[in-house]
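Asker: Return atomic coordinates for the entry below.
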Amino acid sequence: MTDTALNARLRADARVDALLPRLVEVRAQKARLEAEEARLLAEARGIAEDWTTEAGGARTGSDAELPYRSIAAEIGAAWRVSDRTVQRQMQDAATLVHDYVATTAALEAGQISIAHARALVSAGAVIEHAQLRAEYEDTVLPLAFTEAASRFAPLAKRRAEWFADTTFEERHHRALDDRAVWVTDLDDGMAELRALLPAVVAHGIHDRLSQMARTVVDARRHAVAGEGDASHPRVAHDSDAEASDDERTTDQVRADVFADLLLAGEPTAHTVPGGLGAIRANVQVTVPVMSLIEKRVTDPYESPFLVGHSPVDTRTALSLTAAAPGWDRILTHPISGQVLAVDRYRPSEHMRRHLTVRDQHCRFPGCRLPAKRCDADHTIDHAHGGATSAENLALFCRRHHVLKHQTAWRVTQRGGGDLEWTSPTGRSYIDTPVSRVEFAPDPECEIEPDPVPF
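Answerer: Below you'll find the predicted structure:
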């Protein structure tokens, strides 16, 4: 790095160092205002409840909703938003303020964002009893202090299953009856095609479309660059000029391939050597072995889970495992839930499989790019003596892999898969493997620590 580049970077770091505290404070102020708004909306709903109570039996049926509608309409008119939206927000705010007191306080203190609060409340919707909701909040709220909201949401869903009044199997069976496909007309000659499907199926469809789209985009890029060998197949267009004119984004190609598959049965309009039709979906489902035995346990911890998203019904899990070409055995610590080892018949893939299960996604704070699209990076460079071991490896997406090597961002391993990122301004951020939370046993079923170290 030249002196000019180094000085430019140092000046930028100093300016960001002065700017960052102000940005953090602004975000904290926004959280405090969100908490205040929630309290006011909950109070508005309380006014409607009092109105209804004081009216006694004068209102029945749909008329009983009129106090709520009237007050929501008043607020909506002042805000210039839909009164239906306001009425829904009043209900959500009342749930947050009255049922999740600690979460509201954390939001008011600027410790979490409104996105964290909404994720916690949404996941807790399956819990009916107030005492169980309080226990759920006690176990899940600490995770919101350390995780981005996008990572926190699936963790909250997993924890909520421990306290749910009905099993996931029962709720999934009822929800399955609502599966459907519908079209909503939009402006400018466009329409939205939507489908309500089981999560495993939906994510499988999206994964296959994404693989196909990336294959088309990569092949197009290599064709434009003039690469035509086996490792860089050329797109089967009529001419290279036509290939270079194709400037569609990955999202656009994904949508076009989706239409091809439904209309023609094959992606006929997108041809690359080897064919796109051979690409199959790839989803990662964790299936605890106890959920596969004949007399299955009903502990939510021992239920199958679509990694990074939501629980999976046992019937789907059984179907997937029956057709699985291979198995990964995941050994976890009985107290902490830390992934100790992942093994399979093919030892050459052992380390990658271990990292995939442990990390699940890019390990830069807040990033959720799936593990299958990440690089296995040596924390201490191999060229500098770093070992190729789980204690010196972590998964990073290409964006954050480059960030680590090409900027002043640094990362160190703290043991147990914990990573400490140090920013150019000297601030530290700890990233904990999400697997440690997902595989953690029910707190009520904890056993005494094994005196023999693992």
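Asker: can you give me phi and psi for His361?
Answerer: Note on His361: backbone dihedrals following degrees, to the nearest 10 are phi -160, psi 180.
Asker: Please tell me how far the nearest residue to it once chain neighbours are set aside sits from Val81.
Answerer: Once flanking residues are discounted, His361 sits nearest to Arg368: 4.8 Å by CB to CB, 6 or more residues apart in numbering. Just so you know, the C-beta spots here come from the backbone N, C-alpha and C atoms, and that holds for glycine as well. Arg368 sits at a distance of 30 Å from Val81 (criterion: CB to CB, to the nearest Å).
Asker: hang on, the earlier thing: just say helix, strand or coil for the residue nearest to His361.
Answerer: coil (DSSP: H, G, I helix; E, B strand; the rest coil).
Asker: Just confirm it contacts Ala149, I think it does.
Answerer: No. Here Arg368 does not reach Ala149: they are 10.5 Å apart, not a contact under CB atoms under 8 Å.
Asker: More neighbours: these two, which one.
Answerer: Between Arg368 and Ala149, counted using other CB atoms under 10 Å, the more crowded position is Ala149 (18 against 15).
Asker: pretty sure that one is in contact with Ala117, am I right?
Answerer: No. Taking contacts as CB under 8 Å, Ala149 lies outside contact range of Ala117: 9.0 Å.
Asker: follow-up on the earlier one: could you check the pLDDT of the residue nearest to His361?
Answerer: Note on Arg368: pLDDT of 86.
Asker: in the stretch 101-250 of the chain, what spans have low per-residue confidence?
Answerer: 224-245 (pLDDT under 70).
Asker: Same check on the stretch 251-400 of the chain?
Answerer: 266-350.
Asker: backbone phi and psi for the residue nearest to His361, please?
Answerer: Main-chain torsions, Arg368, degrees, to the nearest 10: phi -120, psi 20.
Asker: In contact with it, which residues?
Answerer: Ala148, Ser150, Arg151, Gly308, His361, Cys362 (CB atoms under 8 Å, 6 or more residues apart in numbering).
Asker: Repeat that for Ser122.
Answerer: If you count contacts by CB under 8 Å, 6+ apart, then Ser122 has Ala153, Ala156 around it.
Asker: Pretty sure Ala390 sits against Arg358.
Answerer: Yes. At 7.1 Å, Ala390 counts as touching Arg358 under the criterion of CB under 8 Å.
Asker: neighbour count winner among those two?
Answerer: Arg358 (27 against 19).
Asker: so which helix or strand takes in that one?
Answerer: Taking DSSP states H and E as the criterion, Arg358 maps to helix 350-359.
Asker: In the chain, where's the longest helix?
Answerer: Looking across the chain with DSSP state H, the single longest helix is helix 3-54.
Asker: Tell me the first helix or strand C-terminal of that one.
Answerer: helix 66-79.
Asker: I'd like the average pLDDT over that next one.
Answerer: Helix 66-79 comes out at a mean pLDDT of 93.
Asker: before we move on, what about stretch 420-428?
Answerer: 93.
Asker: All the helices of the stretch 301-450 of the chain, residue numbers only.
Answerer: In the stretch 301-450 of the chain, helices defined by DSSP state H, counting those that start in this stretch lie at 314-322, 350-359, 398-406, 434-438, listed in chain order.
Asker: Tell me the helices and strands packed up against the helix holding Arg358.
Answerer: strand 339-343, strand 375-378, strand 393-396, helix 434-438 (3 or more CB pairs under 8 Å, 6 or more residues apart in numbering; DSSP states H and E).
Asker: For the third one, which strands pair with it and how are they oriented?
Answerer: I take that to be strand 393-396. Next to strand 393-396 in the sheet, as set by DSSP bridges, lie strand 375-378 (antiparallel).
Asker: what comes up buried for the partner strand?
Answerer: Across strand 375-378, burial judged by 16 or more other CB atoms under 10 Å covers Ala376, Asp377, His378.
Asker: likewise stretch 97-106?
Answerer: Buried residues in stretch 97-106, counted by 16+ other CB under 10 Å: Val97, Asp99, Tyr100, Thr103, Thr104, Ala106.
Asker: you'd agree the last one is in a helix?
Answerer: I take that to be Ala106. Yes. Checked against three-state DSSP, Ala106 lies within a helix.
Asker: circling back to that earlier point, overlap in contacts, Ala390 and Arg358.
Answerer: By CB under 8 Å, 6+ apart, the residues touching both Ala390 and Arg358 are Gly417.
Asker: Neighbours of Trp162, how many?
Answerer: So Trp162, with other CB under 10 Å, has 20 neighbours.
Asker: secondary structure class for it?
Answerer: coil.
Asker: Same check on the one 3 residues further on?
Answerer: Classification of Asp165 using three-state DSSP returns coil.
Asker: That one reaches Arg133, doesn't it?
Answerer: No. Asp165 is beyond contact range of Arg133, at 10.4 Å (criterion: CB under 8 Å).
Asker: Neighbour count for these two, which is higher?
Answerer: Ranked by neighbour count (other CB under 10 Å), Asp165 and Arg133 place Arg133 first, with 19 against 11.
Asker: Tell me which helix or strand that one sits in.
Answerer: helix 130-144.
Asker: who touches that helix?
Answerer: For helix 130-144, contacts defined as CB under 8 Å, 6+ apart pick out 99-100, 102-103, 106, 111-112, 116, 119-120, 123-124, 127, 152, 155-156, 159-160, 162-163, 165, 437, 443.
Asker: give the contact list for the residue lying closest to Asp185 once chain neighbours are set aside.
Answerer: Using CB to CB, 6+ apart and skipping the chain neighbours, the partner closest in space to Asp185 is Ala191 (5.1 Å). Residues in contact with Ala191 (CB under 8 Å, 6+ apart) are Val183, Thr184, Asp185.
Asker: export these to JSON lines and tack on distance to Met90 and neighbour count?
Answerer: Below are the contacts of Ala191 laid out as JSON lines (distance: CB to CB, whole Å; neighbours: other CB atoms under 10 Å):
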{"residue": "Val183", "distance to Met90": "32", "neighbour count": "9"}
{"residue": "Thr184", "distance to Met90": "27", "neighbour count": "9"}
{"residue": "Asp185", "distance to Met90": "31", "neighbour count": "8"}
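Asker: Tell me which of the residues you listed fall in strands.
Answerer: Among those, the members found in strands (DSSP state E) are Val183, Thr184, Asp185.
Asker: And the first one, how far from His206?
Answerer: Just to be clear, that refers to Val183. Relative to His206, and taking CB to CB, Val183 is found at 19 Å.
Asker: got it, and Gly415?
Answerer: Counting by CB to CB, the gap from Gly415 to His206 is 35 Å.
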